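Engineer: Need the 3D shape of this:
(one chain, ligands or ions: 2)
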Amino acid sequence: MSLDYVKVSPGFGKYVAKEYRDFVEHGPFGKQVSVTQVGTFKEALDEHPMCAGCAMTLFLRLAIISFPNPEDTITVGTAGCGRLVLSQAVIPFVYGNYGDTNAVASGLKRGLMTRFPDKPKDVVVLAGDGGLADIGFSMMMHSWFRKEKFTTIMLDNEVYGNTGGQESGMTNRGAVLKMAPLGKKFDKIAMPELAKTAGCAYVAVVVPNNPKRVENAIKKAVLIAREVGPTYIQAYTSCNIEYAIPTEKVMEDAFTVEKDRYQFTEYITEEAKEYLATKWGYKEYQKKELKPAEVKA
Ligand SMILES: Cc1ncc(C[n+]2csc(CCOP(=O)(O)OP(=O)(O)O)c2C)c(N)n1
Ligand code: SF4
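Structural biologist: Numbering: from 1, shown residues only. Ligands and ions are numbered 1, 2, ... in the order given. Purely as a prediction, here's the structure:
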């Protein structure tokens, strides 16, 4: 994986699909692109088979654009709706068995660090709430306890969307779903809190209707995971099918949910702040020099 893996061999250009050549010439590899530039470059995600209006698709599109070095990134996912997008993007994607994404990502990241000790190679897990908070819970938590250096992004649609509407640990108490007709009997798992407790150096909770905020969170999470430690992002990516949200109301729902119970929150350790400030020039974390008059005895 590098910029070179997509380049067309000399002489083969005329046999390669136009979309492919467009990607090599106008894609994001080797450049610094932002969600604010959408429409001016060829995205790594071109087509997908997700339901019309699915907010997870929008979030994944933003996430892929936001990777700091997409040409040096591998995504890891599993069964669930998100892999239908991830497996079609021009970024290597590893399909873990349902539940073992964070164990696969641990081995992959360690292998990459051994093989490329001087070059950052980013590993990003993107999987559903069922895949991470339920069956993958133990492996996710233990990857954090072990301080594995990769980012975990939960695509939290608060349901098992791909299999028709079973409740997950991230479903809200009382929610009635097609295959959970009696209503969820316990609270949504407080995963951001668990991530902090387990040792993540950066934790953020986002909704997809603020693209720049999503981009900032993902960039920080991926950069911090390179050198400081594990990072976790939880994204509200509503399932309009299982929650019967009319397609045209998907963004309105996200705004309401953000206001009511999915506020943007960010947690960052002092070590991670220092790293972003000194290595990447993040101004908000640069220590302000106090003028003499401001220094209290
Ligand atoms: C070991 C195993 N158990 C069950 C399944 C069936 N399965 C496929 S997708 C899925 C649900 C995915 O739900 P979630 O992880 O929340 O992702 P979503 O589809 O909602 O994005 C299940 C149970 C499977 N593929 N493998
Ligand atoms: S089932 Fe839900 S989460 Fe899956 S693609 Fe459709 S709307 Fe999106």
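Engineer: Contacts made by stretch 213-224 with the rest, please.
Structural biologist: 34-35, 59, 62-63, 65-68, 73, 122, 124, 151, 153, 201-202, 204, 206, 208, 231-233, 235, 264, 266, 268, 272, 275-276, 279-280, 282 (CB atoms under 8 Å, 6 or more residues apart in numbering). (C-beta placed from N, C-alpha, C; glycine too.)
Engineer: what separates that stretch from the chain centre, distance-wise?
Structural biologist: 9 Å (CA atoms, centre = their mean, to the nearest Å).
Engineer: and what of stretch 145-152?
Structural biologist: Its chain's C-alpha centre and that of stretch 145-152 lie 14 Å apart, by CA atoms, centre = their mean.
Engineer: same deal with stretch 115-122?
Structural biologist: Worked out by CA atoms, centre = their mean, stretch 115-122 lies 20 Å from the chain centre.
Engineer: Next, count neighbours for whichever residue of the chain sits closest to ligand 1.
Structural biologist: Of the residues in the chain, the one nearest ligand 1 is residue 128, at a distance of 2.2 Å by CB to the nearest ligand atom. Neighbourhood size, residue 128 [other CB atoms under 10 Å]: 32.
Engineer: Phi, psi for the closest residue to it other than its chain neighbours please.
Structural biologist: The shortest distance from residue 128 to any non-neighbouring residue, by CB to CB, 6 or more residues apart in numbering, is to residue 80 (3.8 Å). The phi/psi pair for residue 80 (degrees, to the nearest 10) reads phi 130, psi 170.
Engineer: What of residue 25?
Structural biologist: Main-chain dihedrals, residue 25, degrees, to the nearest 10: phi -80, psi -40.
Engineer: separation between it and residue 282?
Structural biologist: According to CB to CB, to the nearest Å, residue 25 and residue 282 sit 31 Å apart.
Engineer: Neighbour count for those two, which is higher?
Structural biologist: Shown here are residue 25 and residue 282; by other CB under 10 Å, residue 282 has more neighbours (19 against 10).
Engineer: Quick check, pLDDT for the spatially closest residue to residue 25 that is not a sequence neighbour.
Structural biologist: Nearest residue to residue 25, sequence neighbours excluded (CB to CB, 6+ apart): residue 42, at 7.9 Å. For residue 42, the pLDDT comes out at 96.
Engineer: how about the residues of this protein near ligand 1?
Structural biologist: 79-82, 98, 128-131, 155, 157, 159-163, 168 (CB under 6 Å from any ligand atom).
Engineer: Point out the ones among those that are inside helices.
Structural biologist: 82, 129 (DSSP state H).
Engineer: Of the residues of the chain next to ligand 1, keep whichever come out buried.
Structural biologist: Buried members of the residues of the chain next to ligand 1, counted by 16 or more other CB atoms under 10 Å: 79-82, 98, 128-131, 155, 157, 159-162, 168.
Engineer: still on that earlier bit, so what's the residue count around the residue nearest to residue 25?
Structural biologist: 17.
Engineer: ditto for residue 5
Structural biologist: Neighbours of residue 5 using other CB under 10 Å come to 10.
Engineer: did I read that right, it in a helix?
Structural biologist: Yes. Assessed with DSSP: H, G, I helix; E, B strand; the rest coil, residue 5 lies in a helix.
Engineer: Quick check, pLDDT for it.
Structural biologist: Per-residue confidence at residue 5 stands at 75 (pLDDT).
Engineer: quick one: it from residue 28, how far?
Structural biologist: 14 Å.
Engineer: and what of residue 107?
Structural biologist: Counting by CB to CB - residue 107 and residue 28 are separated by 27 Å.
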